[in-house]
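Asker: The sequence isn't on hand, but the structure is:
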């Protein structure tokens, strides 16, 4: 296969419309006859619904309908889980609208349909809701105590416990020369997308067809769910992916509105559009990351890690969402990261609380796990008197040990292994790039009133989840190529990246790939979408298969028309030719198409190392990142421009989680961070000194591209690295951050606490 | 009736006082390049130019645009080619999902028109009023710095918000 | 987050504007809208009438003379930063305004809007109090002048009657050579201050500080001057020890709230640090 466009920093096609304001997001669509949906959401975290009275609302001019659970014969459908759909989770799945109970602030109670969104919001104020409040469960202790049950039938607020095991942890700890146990926490935050969610549904009663716009991430899965819920065959539903303003794992899963809006469209026989506003988004888009760990490491005296054990707790919010278990499960299974930890025993408890339900956010569970693990590593290394870098180096899994099996997770037994890579390459490159040997002299130094600190961490990033992806290649009337992908676009540049892959696979100039279509269910027969950093590997490999089949089909058709053997057909420069020189233009074969697929059961593991140099102002608690270097080996680089973009973008999100972003609830389950003034996102001033270096040293053995998923790694190690750097800077005071975020007030409090312990 | 100018054309709209300029541009005038990311004046995705000055269109009432010259991202664009500012964005991969991009373009254009010699710190300061969730900002700052050349001296990309 | 419905008026004169406010109990004035419109978007305010001030004449002037600096109520942050005279005529004002919000907000937000909104963490109310400014207002009963100290009553609460509009902020004259500092700490650039300090004093020929003013923002319901800190500075030669003393006095003098962003203890320590750093800046500043 050619390598002309793959690997090149090709400028993106998508930019041509985005830069001109010509993107088409679901909010930009305005079909005739449109009604706007506005959702009445519970202002109470936990309670029994006694009555919802919309009489006054219905009198407001411009209000057409108010839909509640009562309008759904047989009761509101339940949203099933897409990933790890274990029977234990069934009692905790969410109805598309609240019927008898509400369980979180933000839970949908009713859908108002009005001429404008403004009138719809006026109507919300006129609906009276009578809810008998129940005490809210807002933390782990409350959840575990079981004295306030969210789901009476379940008999518990603990949905499940996962367990990750490897080797014999009891024996490893019993014999260990050194042990250290710590309790650590990561705060609730989420993958807020700049474009809030939205759904537009059109019901064609004559044809019995439903068109749903605003699909993202997993349109084919969602169609399956919607079809079952709304009582239509899948082929009667089109899910259409427009331009999408970010996904980050949060947008695109099946949410209540993904049923409510199509239902409303069919209910009133008019197109219905719902666009989430930011206040809703903060309480209704999947939350993430809230986790506690009580974990212990066992080492030999020379720092060789013998085992890791303990418990983690994941706050799930009020319902098990389609992918709610992923983060919790990953925390346990991937706690070991790229390191050789022969004995592991980690139990994760999933606790239900009266807060917004939880789903995946970029690097789900991995960000948390790396924070827990890397903090423990620095503490252990320091206590053992071993250099922190050496501690890591000697415990990294070596290339010669691969495939190296990581912990097995139960239930939903899943075996995973580290299959390729030389982790020392990225570690050494990182050390060189950040000038570690030189900078390490600054650790703990007080310069111009600030304490300087350094830290480094290694990580892996899982990608390329299967089971399958599809692609289709078709020849257009003018001889150009159209590519159709089951993959979804969430902003990562698939139209360009897939054009590169298609051009090289078909051996044509990239301009000949006229357009790459993605996501919508009409494009391929069996699509899967964008999650777990799979688009390049799964979509790209499916595209290679489709391209191969396309060329074979072209060859066969050309051979017939040219009267020669298939093997003798030459395809070049917009012509197909026979050995005798007769040729036909490609456009004569317009309509020729081939669909391909790629099946996969294994994960790829991009790996790397990050290092940070920080300066801490002890009086304000402000931490400045003086330099941050991110190095990763992705196996094969398709587009270095977009790849580095993913690393830096993911890293800044990660730093937002480290310093700024925090979804805060009070003891009644009220969300206190209800605007972007309170939920603080990183801005251009916050983290200017970040560098990304991407390598392609060790291709993946599990796909024909040799690529590895790389959209999430930027943030995975950030928590551990920064927290360790802060601890390093304030080591003289014995400051040990054990919780995120490291906001200035919290850093200051840590310092005060440490000083008081010292009797200062 | 409220009369104002948008991207060089006179417009006349009859809208409720409560309609924001952002919603008027998007829903009445069908210029959907101006985006709504928060509707409370924090994210900057709705930034447009009013008499050449960058403002948050979600915080301005449409009726307040009476007699003013409004420029949206569409007005800073050409059909046949990307402007130097847009080219710089593309070259530096200063956009991913594209949702913040119109606000970045309008804000950067206003800044560069007034301050073509701004430095990186100034660019970061000005752009700190525009949230991007995808790029991490570093490539956006690089793009704006590169575009300075087009706004300096004889290469000035037009005053009053018309990018040419 | 669409706005609730309201009637809208855009009067051409101050008298008309005042009359509209007087006649409509639920009316609110709107200038730049940078504080008001978000409140409408969250529906925490629902006025039945908005009185737009944009057509009112002569309220956008910046006048500088021997009597001091006068900023019309419709003067925008942008106008302050663009007026080259103010760097010399009132550098403390300029230093503080640089911290206000963001670029786009500064193109619309106004002096009058900020004073009338009276956010405890806003810069201009803090400068007004620190500088003993006066606020000129006009209502049905006529015009009056309110000292800044009396104008700010509490968080989002002022001495304005419902029919009154701010016309002008009057800052006392700023002598050449005055030492000043403005220090603010926010969680991100452009955020509301967790704490800020505005300090100034005049240095006599013997190097002693006279007429010290220390104003703090963000640590109470309203901006205040700290008399106990001013007492430490008054007549003293400003050195490291005096500055440390002043900072300690500042921390002791305030009673900040606990909230989701920061604890009271943090804010207390922070205001001490802001005063300390502002004094260091004042001390090291070369006289203009």
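Answerer: Yes, it's here. Since the structure is predicted, the reported quantities are computational estimates derived from the model, not experimental observations. Numbers count the residues shown, from 1 in each chain, chains lettered A, B, ... in the order given.
Asker: Could you use CA atoms for every contact and neighbour count after this?
Answerer: OK.
Asker: Look at the residue most central in space within chain B and report its pLDDT.
Answerer: Centroid check for chain B by CA atoms, centre = their mean gives residue B:106 as the closest residue, at 1.9 Å. Per-residue pLDDT puts residue B:106 at 98.
Asker: looking at chain C, which residue ends up farthest from its center?
Answerer: Residue of chain C lying farthest from the centroid, by CA atoms, centre = their mean: residue C:206 (32.3 Å).
Asker: Wait, a strand at residue A:262?
Answerer: No - assigned with DSSP: H, G, I helix; E, B strand; the rest coil, residue A:262 falls outside any strand and is helix.
Asker: what's it in contact with, if anything?
Answerer: Residue A:262 sits next to A:200-203, A:210, A:212, A:272 when contact means CA atoms under 8 Å, 6 or more residues apart in numbering or on different chains.
Asker: among the residues you listed, which are in strands?
Answerer: Of the contacts of residue A:262, the ones assigned to strands by DSSP state E are A:200-203, A:210, A:212, A:272.
Asker: most surrounded residue in those residues?
Answerer: The most crowded member of those is residue A:272, carrying 30 neighbours; neighbours defined as other CA atoms under 10 Å in any protein chain shown.
Asker: isn't it right up against residue A:210?
Answerer: No - counting by CA atoms under 8 Å, residue A:272 does not reach residue A:210; the two are 11.6 Å apart.
Asker: quick revisit: the residue farthest from the centre of chain C: what secondary structure?
Answerer: Three-state assignment for residue C:206 (three-state DSSP): coil.
Asker: can you pull the contacts of residue A:475?
Answerer: Each residue near residue A:475 by CA under 8 Å, 6+ apart is listed here: A:481-482, A:587, A:589-593.
Asker: hang on, the earlier thing: any chance of the contacts of residue A:262 in CSV, with pLDDT and distance to residue A:538 too?
Answerer: Listed next are those as CSV, based on pLDDT from 0 to 100; distance: CA to CA, whole Å:
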residue, pLDDT, distance to residue A:538
A:200, 98, 29
A:201, 98, 29
A:202, 98, 31
A:203, 98, 33
A:210, 98, 29
A:212, 98, 25
A:272, 98, 34
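Asker: Find the pair from the residues you listed with maximum spatial separation.
Answerer: Across these, the longest distance by CA to CA is 11.6 Å; it joins A:210 and A:272.
Asker: From the contacts of residue A:475, which land in strands?
Answerer: Judged by DSSP E, the subset of the contacts of residue A:475 located in strands is A:481-482, A:593.
Asker: Name the residues that touch the lengthiest helix in chain A?
Answerer: If you go by DSSP state H, chain A has its longest helix at helix A:540-562. Under the contact criterion CA under 8 Å, 6+ apart, helix A:540-562 has outside partners A:469-474, A:485, A:498, A:501-502, A:505-506, A:565-567, A:569-571, A:576-578, A:582-583, A:589, A:592-598, A:703-705.
Asker: Stretch A:385-397 now?
Answerer: A:302-305, A:338-341, A:377-378, A:381-382, A:404, A:423-424, A:427, A:456-458.
Asker: In ChimeraX, select just the buried ones from these.
Answerer: Restricted to buried positions by 16 or more other CA atoms under 10 Å in any protein chain shown, the ChimeraX selection for the contacts of stretch A:385-397 reads:
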select /A:303,304,305,338,339,340,341,377,378,381,404,423,424,427,456,457,458
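Asker: Just to be sure, which of the contacts of stretch A:385-397 are found in strands?
Answerer: A:305, A:404, A:456-458.
Asker: Would you point out the most distant pair within the residues you listed?
Answerer: Pairwise distances across these peak at 23.1 Å for A:404 and A:456 (criterion: CA to CA).
Asker: List only buried entries from the contacts of residue A:475.
Answerer: Buried among the contacts of residue A:475 by 16+ other CA under 10 Å: A:481-482, A:587, A:589-590, A:592-593.
Asker: average pLDDT across stretch A:504-521?
Answerer: Averaging pLDDT along stretch A:504-521 yields 93.
Asker: For that stretch, list every residue counted as buried.
Answerer: Residues A:504-510, A:512-521 are the ones in stretch A:504-521 that count as buried (16+ other CA under 10 Å).
Asker: One more: stretch B:60-79?
Answerer: For stretch B:60-79, the neighbour count (16+ other CA under 10 Å) marks B:60-66, B:68-77 as buried.
Asker: Now for the closest residue to chain C within chain A, how many residues are close by?
Answerer: Using CA to the nearest CA, residue A:118 is the residue of chain A that sits closest to chain C, at 5.0 Å. Other residues lying near residue A:118 total 20 when counted by other CA under 10 Å.
Asker: cool, residue A:694 as well?
Answerer: Residues near residue A:694, counting by other CA under 10 Å, number 20.
Asker: Need the three-state assignment for it.
Answerer: Put simply, residue A:694 is strand when judged by three-state DSSP.
Asker: Residue A:633 is in contact with that one, correct?
Answerer: Yes - counting by CA under 8 Å, residue A:694 does reach residue A:633; the two are 5.8 Å apart.
Asker: Where does pLDDT dip in chain B?
Answerer: Scanning chain B for pLDDT under 70 picks out the ranges B:154-164.
Asker: What ranges does it have for its strands?
Answerer: Assigned by DSSP E, the strands in chain B fall at B:2-6, B:9-13, B:47-50, B:53-56, B:69-71.
Asker: Can you narrow the buried residues of stretch B:60-79 down to the ones near chain A?
Answerer: Among those, proximity to chain A is found for B:73-74, B:76-77 (CA under 8 Å from any CA of the partner chain).
Asker: the domain parsing of chain B - what is it?
Answerer: Domain segmentation of chain B under automatic domain parsing yields B:2-76, B:84-151.
Asker: what's near enough to touch residue 94?
Answerer: No chain in the question, so chain A it is. With contact set as CA under 8 Å, 6+ apart, residue A:94 has these partners: A:78-80, A:319-321.
Asker: nope, chain C
Answerer: C:80-81, C:86-87.
Asker: The spatially closest residue to residue A:510 that is not a sequence neighbour is in what secondary structure piece?
Answerer: Nearest non-adjacent residue to residue A:510, counting by CA to CA, 6 or more residues apart in numbering or on different chains: residue A:503, 5.1 Å away. Under the criterion of DSSP states H and E, residue A:503 resides in helix A:494-506.
Asker: again, but for residue A:753
Answerer: Applying DSSP H and E as the criterion places residue A:753 in helix A:744-757.
Asker: for that helix, which positions count as buried?
Answerer: By neighbour count on 16+ other CA under 10 Å, the buried set for helix A:744-757 is A:744-754.
Asker: Check which helices and strands it sits against.
Answerer: Secondary-structure packing of helix A:744-757 (3 or more CA pairs under 8 Å, 6 or more residues apart in numbering or on different chains; DSSP states H and E): helix C:264-284.
Asker: Please look at residue A:318 and residue A:351 and confirm they touch.
Answerer: No - counting by CA under 8 Å, residue A:318 does not reach residue A:351; the two are 9.0 Å apart.
Asker: which one of those two has more residues nearby?
Answerer: More crowded of residue A:318 and residue A:351, by other CA under 10 Å: residue A:318, with 29 against 24.
Asker: Need the phi and psi values for the more buried one.
Answerer: When read as degrees, to the nearest 10, the backbone of residue A:318 gives phi -80, psi -20.
Asker: and the gap between residue A:160 and residue C:153?
Answerer: Separation of residue A:160 from residue C:153 (CA to CA, to the nearest Å): 54 Å.
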